[in-house]
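Participant: A structural model of the following input is requested.
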Amino acid sequence: VLRRTSPSSSSSRLTIARAAVASAEASSADAAKAAPVVFTGALADARFSKLRQALEVTELTGALTGALTVFAPTDAAFEKMSTERSLSFEELAQRDNLKEILTYHVLPSAVKAETMKSGEAKTLNGRSMTVVSSTSGGVTVDGVKVVEADKAEGDVVVHVVDEVVFPAFSINAKVQTPQEILSFEGWAPEVINGRVAMIGFVLALGGEFATGQSFTTQAFGNFGEVLHTAFVWSLASLAPAFSSNEGYEANPKKIAGSKEWQFVIRGSPIPELLKVLTPEAEMTNGRAAMVGIASMIVLETLMGHALF
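Facilitator: Here you go, the predicted model:
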């Protein structure tokens, strides 16, 4: 006896079958996604536990396949970051730009230390890092030293670095306390005194030529303006040091190596000017200005009138 199957019944069975297949595929995909990537080479080392955690958080573990170069920061490097930047690893792991930071540690080809050349190297991040390679100093990337080279994780070449490498404007600058900045050994006192002295010396000479008044007469007669000028220049010099969220470096001796400042001034004549107007030149000019002002005050006091 032949029984006719109703169209609605066939349609229902077909829908159930499709749903079962879709459910099986979804379960398979979820299982694959949930299965952790197991590192068996250099990155399996216990020193890279924090790096592995960061890669898992950003779902980048599966991307480290093929011919790549990884500059791998150790757990000690992340701890150093926490101390210097007042940023814990847990806070770093929650940042929206963590993936951007991690891919900045990866080059899109496998490069061993002996064949690495100095220059700009484009990363998977899309930005370029500065590589310096020498027979005496080894390899550095953005100033960070490669402490162990040519490790392997499958086809990936792994170079161990002792600091986390950050692209420009991706993280706050290294933290300095007011004591470190303003103490006798800090960079700020002499730099600020020198800058104020240079401005004061030039204005004093101009004032003497224009009015015939001595330095002390001008200073006491325009005391408010003198204080205002000194305050503004001091604040301009110190502001970047106490507002480090943007990553700017305030110490003039470190500006040349700052990725943030290099990003801002690139394409302008400032990089060429900085080759002449070095921090050492500024320090020398500042000291000369301070000696000049002191000498001017002594001479004018002894003479009883302005020099000019």
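Participant: what's residue 217 in contact with, if anything?
Facilitator: residue 306 (C-beta atoms under 8 Å, 6 or more residues apart in numbering). Glycine gets a C-beta too; all of them are placed from N, C-alpha and C.
Participant: mind checking which helix or strand it is in?
Facilitator: helix 215-221 (DSSP states H and E).
Participant: mind checking how far that helix is from the chain centre?
Facilitator: 44 Å (C-alpha atoms, centre = their mean, to the nearest Å).
Participant: Convert the C-alpha atoms of that helix to PDB, please.
Facilitator: Taking Å, rounded to 0.1, in the frame of the first residue of the first chain, the C-alpha atoms of helix 215-221 are listed here in PDB:
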ATOM      1  CA  PHE A 215      70.100  94.700  34.500                       C
ATOM      2  CA  THR A 216      69.100  95.100  38.100                       C
ATOM      3  CA  THR A 217      67.100  98.300  37.400                       C
ATOM      4  CA  GLN A 218      65.200  96.600  34.500                       C
ATOM      5  CA  ALA A 219      64.600  93.500  36.700                       C
ATOM      6  CA  PHE A 220      63.200  95.400  39.600                       C
ATOM      7  CA  GLY A 221      61.200  97.800  37.400                       C
END
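Participant: following it, which helix or strand comes up?
Facilitator: Assigned by DSSP H and E, the successor of helix 215-221 is helix 223-242.
Participant: The stretch 101-250 of the chain: strands as residue ranges?
Facilitator: Applying DSSP state E, counting those that start in this stretch to the stretch 101-250 of the chain gives strands spanning 106-107, 119-122, 128-134, 138-141, 144-153, 156-161.
Participant: Walk me through the regions of the chain where pLDDT falls short of the threshold, as ranges.
Facilitator: Low-confidence segments of the chain (pLDDT under 70): 1-38, 175, 242-248.
Participant: which residues in it form helices?
Facilitator: Assigned by DSSP state H, the chain shows helices spanning 7-34, 49-57, 75-85, 89-93, 98-103, 178-182, 188-211, 215-221, 223-242, 259-265, 270-276, 279-303.
Participant: now the strands of the stretch 101-250 of the chain as a markdown table including distance to residue 231 and mean neighbour count?
Facilitator: Listed next are these as a markdown table, based on distance: least, C-beta to C-beta, whole Å; neighbours: other C-beta atoms under 10 Å:
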| stretch | distance to residue 231 | mean neighbour count |
| --- | --- | --- |
| strand 106-107 | 47 | 20 |
| strand 119-122 | 41 | 12 |
| strand 128-134 | 37 | 16 |
| strand 138-141 | 39 | 20 |
| strand 144-153 | 37 | 16 |
| strand 156-161 | 42 | 23 |
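Participant: Let me know which of the helices of the chain is the nearest to residue 252.
Facilitator: When the helices of the chain are compared by C-beta to C-beta, helix 279-303 sits nearest residue 252, at 4.2 Å.
Participant: quick one on the thing from earlier: compare the helices of the chain and give me the one nearest residue 40.
Facilitator: helix 49-57 (12.2 Å).
Participant: Run a quick neighbour tally on residue 283.
Facilitator: By other C-beta atoms under 10 Å, 16 other residues sit near residue 283.
Participant: Check whether it really touches residue 191, as I assumed.
Facilitator: Yes: if you go by C-beta atoms under 8 Å, residue 283 and residue 191 touch, sitting 7.4 Å apart.
Participant: could you dump the helices of the chain to CSV with distance to residue 123?
Facilitator: Below are these laid out as CSV (distance: least, C-beta to C-beta, whole Å):
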stretch, distance to residue 123
helix 7-34, 26
helix 49-57, 15
helix 75-85, 17
helix 89-93, 18
helix 98-103, 6
helix 178-182, 32
helix 188-211, 34
helix 215-221, 54
helix 223-242, 26
helix 259-265, 13
helix 270-276, 22
helix 279-303, 29
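Participant: and the closest residue in space to residue 189 that isn't next to it in sequence, how far is that from residue 83?
Facilitator: Closest residue to residue 189 apart from its sequence neighbours, by C-beta to C-beta, 6 or more residues apart in numbering: residue 182 at 6.5 Å. Taking C-beta to C-beta, to the nearest Å as the measure, residue 182 falls 21 Å from residue 83.
Participant: what about the two, which has more around it?
Facilitator: Legend: neighbour count by other C-beta under 10 Å for residue 182 and residue 83, higher for residue 182 (15 against 10).
Participant: Confirm for me that the more buried one is in contact with residue 192.
Facilitator: No: with contact defined as C-beta under 8 Å, residue 182 does not count as touching residue 192 (9.2 Å).
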